[in-house]
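Chemist: Take this sequence and fold it.
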Amino acid sequence: MTKLQRFEQANHFEFSGEGLSGMLDTNSIDGQPLGSVTVDGVEGRMVSIRQGPGGWHLDAELVAIPDLSVETVQVVLPQVNLEGEAVSFNGYAVLLTTRTSIGGAALVPGPLQHYELRGASGVATLVYS
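Modeler: Residues are numbered from 1 along each chain as shown. Purely as a prediction, here's the structure:
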């Protein structure tokens, strides 16, 4: 009988792409995911991370201008099973600009959202803490 090989899941991701860079640790010292992302020189804030059927999702706010717009980014990275010390991967980022008005969405003409897709790639590893 053949024994099936089990692979360990990567827990540290470093990524970069078209004007973006960042990292994701799926299990930080306090047991919670931790990540950062920078887009066109702007560091994301209020970072949230979740795991879903499509992989890891890292969301962050980039710029908020009251009564004008809010810019956010969502980076999507795959779950990675390691076959060696490091595995390369591809993902993507969606930059979202949402037009706003202090009087509500009904006062903003045209599309309220604008989407920009950017490619991302990186290296996944296993880090012991």
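Chemist: Go ahead and confirm Asp59 touches Gln74.
Modeler: Yes: between Asp59 and Gln74 there is a contact at 4.9 Å, judged by C-beta atoms under 8 Å. Every residue, glycine included, has its C-beta placed from N, CA and C.
Chemist: Looking only at neighbour counts, state which of these two leads.
Modeler: Per other C-beta atoms under 10 Å, whichever of Asp59 and Gln74 has more neighbours is Asp59, with 19 against 15.
Chemist: Bridging across strands, which residues link to Ile49?
Modeler: For Ile49, the beta-bridge partners are Leu58 (DSSP bridges).
Chemist: where does this structure dip in pLDDT?
Modeler: 1-2, 129 (pLDDT under 70).
Chemist: what about the helices in it?
Modeler: In order along the chain, the chain carries no helices (DSSP state H).
Chemist: Now do the strands for this protein: every range, in order, please.
Modeler: In the chain, the segments counted as strands under DSSP state E are 12-17, 20-25, 34-39, 42-43, 45-52, 55-65, 69-77, 86-99, 113-125.
Chemist: so can I have TSV of those strands showing distance to Lys3?
Modeler: Output for the strands of the chain, formatted as TSV (distance: least, C-beta to C-beta, whole Å):
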stretch	distance to Lys3
strand 12-17	28
strand 20-25	31
strand 34-39	35
strand 42-43	46
strand 45-52	28
strand 55-65	28
strand 69-77	30
strand 86-99	22
strand 113-125	25
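Chemist: closest to Leu4 out of those strands?
Modeler: strand 86-99 (19.1 Å; C-beta to C-beta).
Chemist: residue contacts, Gly54?
Modeler: Val76 (C-beta atoms under 8 Å, 6 or more residues apart in numbering).
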